[in-house]
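Participant: sequence and predicted structure below; questions after.
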Amino acid sequence: MLKNLSIGKKFTAAFSLIGIAVVIFGFYIYTQVSGMRDNMLNFTDDTLPAVLEIERLNEEIIRIRQDQYAVLTFSDPAERREILGEIDVMKRDYSRALDAYEESLWYDNERAIFTRIQNHWDQYNQELSAFPDRVEAGQLTAAQKILSSSFGTFGQLDKALKEMSELTQGFITSNRTSMLNQVSTVSMTIIGVLLAVIAFMIVVAVVFTRAIINPLRLVMEQSSAIAKGDLTYQLDRSQIGNDEMGKLADSSIAMQDSLRSLIEEVIAAVTQLSSAVEEVSAVSSQTSSGMQNQQHEVSQVATAMAQMKATVADVAQNTESSSTAANEASEQSRMGAQDIDGMVGSIRKVAEDMRQTGDTVNELDQQSKQINMVVDVIRDIAEQTNLLALNAAIEAARAGESGRGFAVVADEVRTLAGRTQDSTGEITAIIEKLQQFATQARNATTQSCESIEQCVEQGDQAQQLVRGIETSVENIADMGMQIASACGEQDSVADELSRNIERINDSAQEVAGGADQTAQACNELSQLAQSLQSTMQRFRLTK
């Protein structure tokens, strides 16, 4: 469950625990410090003033006792009255001090000792109640006896004051011990809590480091395998949670799958392109061979036409020798008819070859369009790969310093996608050239077919004329004038046929040139397909 939390939630939970521990620890420290403050205030406001007050009371009672003895040594009554007045003031102050001290009593044992002090002080004052009167009356001996008789009470009062002093000293010792114990407890608690927090932070650091480093190491291994062209590497997704590292792993796996699909489609397209190039190359070879045969046959037709023209001239010149000329003309007419039949058959054959060439060129155009569609698919896949690489780079940038290695891999993938797009652009340009050549070849083939159809029509006309000549020659005895006219017409037809044959020859040369250009384009496209196939072989798609 922990590894499925996001990194932010993990850090929040860890620091929340630390914060709660710090708050609890702070509350504990506050409680201990409050207790130490109370003990300190008790020491400074109660215990220490009580000790000082007891010491002062002890000193005051001793001073009163000393002044009482001292008054007996003065012979001047005025001085004795003055000393007695001071003693009376000190006694009143002493009584007020006892009353004030009584208000600061807390403990029963302290109150019991104070009660003894109060009782002894009252008894002491009662025993010395007649002392001032005896001193003022000058009865110093009697006054001394009264003072001496109060020595026991004074001793008990002094003893009670010393007990109270020892008790307050015990309070000081107790407060000191309590404060030292509290300081020691707080110190040990602080040390323990600090050690526990440090240990917890070390555990959190180790756990979080493993939670980030281990998945990142797995993703880096996959990215390294992809960079080396190994698309068969399988990332163990079960070792990575569903946090940001899991999303990064999912993106890397999706990128690997998309890249594998892209490479497979490119390889299939390259294979199809190679097959299409081979077919187009074969068609171009057939077209070139057909054009050569056509040129040879057209040459034969031109020779036949020249022979026919010479024959017609001979017929015109030998009109006077009608029998001989008729026989020769009849023979030449039959030969001309045979030649024209052969010419018409050859022209029809050329027309059929041109139609096949046109069909082949149309097939080449269709194959080029299919190749163009495949190239569009490759370009779309390259753009998707570029987008995936860009998203991976953005995620890596969000990851900060830990995602820098993956950002380099994403940049390499984007570079490969860019190179693929450039290659598809080059293939598209070549295919467009191939389509242009196919269009030119189709237009030339169409023109050639039209010219050949004209030649066929003219061949039929020539055949009819030759048959007319043959009929005329058989009746040459009766149609001498018609022979001259027919020879003139035959000469004109022969000239027209010669011009048509020349046009057919020119068209055949253009078609042959287009076939050569198509073959050259096929060779370039084949080299490009081989180069692309060599590039794709860098990637290993199966184990």
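Facilitator: That came through fine.

Participant: look at the residue positioned nearest the centre of the chain and report its pLDDT.
Facilitator: The chain has E395 as the residue nearest its centroid, 2.2 Å off, counting by C-alpha atoms, centre = their mean. As predicted, E395 sits at a pLDDT of 75.

Participant: for the protein, which segments count as strands?
Facilitator: For the chain, no strands turn up when DSSP state E is the criterion.

Participant: show me how the record splits it into domains.
Facilitator: Listed domain ranges for the chain are 2-214, 289-374+428-536 (source: automatic domain parsing).

Participant: output those as CSV; include the columns mean neighbour count.
Facilitator: The way it works is simple: take the backbone N, C-alpha and C, and place the C-beta from them, glycine included. Listed next are the domains of the chain as CSV, based on neighbours: other C-beta atoms under 10 Å:
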stretch, mean neighbour count
domain 2-214, 15
domain 289-374+428-536, 18
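
Participant: of these, which is nearest E264?
Facilitator: Nearest to E264, of all the domains of the chain, is domain 289-374+428-536, at 9.2 Å by C-beta to C-beta.

Participant: run the chain-centre distance for stretch 53-68.
Facilitator: 90 Å (C-alpha atoms, centre = their mean, to the nearest Å).

Participant: run through who's touching that stretch.
Facilitator: 83, 86-87, 90-91, 93-94, 97-98, 101, 117, 121, 128, 131, 147, 154, 157-158, 161-162, 164-165, 168 (C-beta atoms under 8 Å, 6 or more residues apart in numbering).

Participant: circling back to that earlier point, surely the residue nearest to the centre of the chain meets S251?
Facilitator: Yes: checked against C-beta atoms under 8 Å, the pair E395 and S251 is within contact range at 6.3 Å.

Participant: if we can go back for a sec, how many neighbours does the closest residue to the residue nearest to the centre of the chain other than its chain neighbours have?
Facilitator: Distances taken as C-beta to C-beta, 6 or more residues apart in numbering put L248 closest to E395, at 5.9 Å, once the chain neighbours are dropped. Residues within reach of L248, counting by other C-beta atoms under 10 Å, total 23.

Participant: so L248 touches A393, yeah?
Facilitator: No: L248 lies out of contact with A393 (C-beta under 8 Å); the separation is 11.8 Å.

Participant: so for S333, what pLDDT did the model give?
Facilitator: 62.

Participant: check G152 too.
Facilitator: As predicted, G152 sits at a pLDDT of 91.

Participant: just to revisit the earlier point, measure the residue nearest to the centre of the chain to A227 for me?
Facilitator: Distance, E395 to A227, by C-beta to C-beta, to the nearest Å: 17 Å.

Participant: same question for S531.
Facilitator: The value you get for S531 to A227, if C-beta to C-beta is used, is 21 Å.

Participant: ditto for I87
Facilitator: Going from I87 to A227 by C-beta to C-beta gives 108 Å.

Participant: for L248, same thing?
Facilitator: 16 Å.

Participant: then D516?
Facilitator: The gap separating D516 from A227 is 44 Å, by C-beta to C-beta.

Participant: ok, now V135?
Facilitator: From V135 over to A227 the distance is 118 Å, taken as C-beta to C-beta.

Participant: how far away from the center of its chain is stretch 148-167?
Facilitator: Computed by C-alpha atoms, centre = their mean, the chain-centroid distance of stretch 148-167 equals 91 Å.

Participant: got a list of contacts for that stretch?
Facilitator: Contacts to stretch 148-167, defined as C-beta under 8 Å, 6+ apart, come from residues 51, 54-55, 57-58, 61-62, 65, 109-110, 113-114, 116-117, 120-121, 123-124, 127-128.

Participant: in helices only, show me those.
Facilitator: 51, 54-55, 57-58, 61-62, 65, 109-110, 113-114, 116-117, 120-121, 123-124, 127 (DSSP state H).

Participant: for stretch 247-255, buried residues please.
Facilitator: Buried residues in stretch 247-255, counting neighbours by 16 or more other C-beta atoms under 10 Å, are found at L248, A249, S251, S252, M255.
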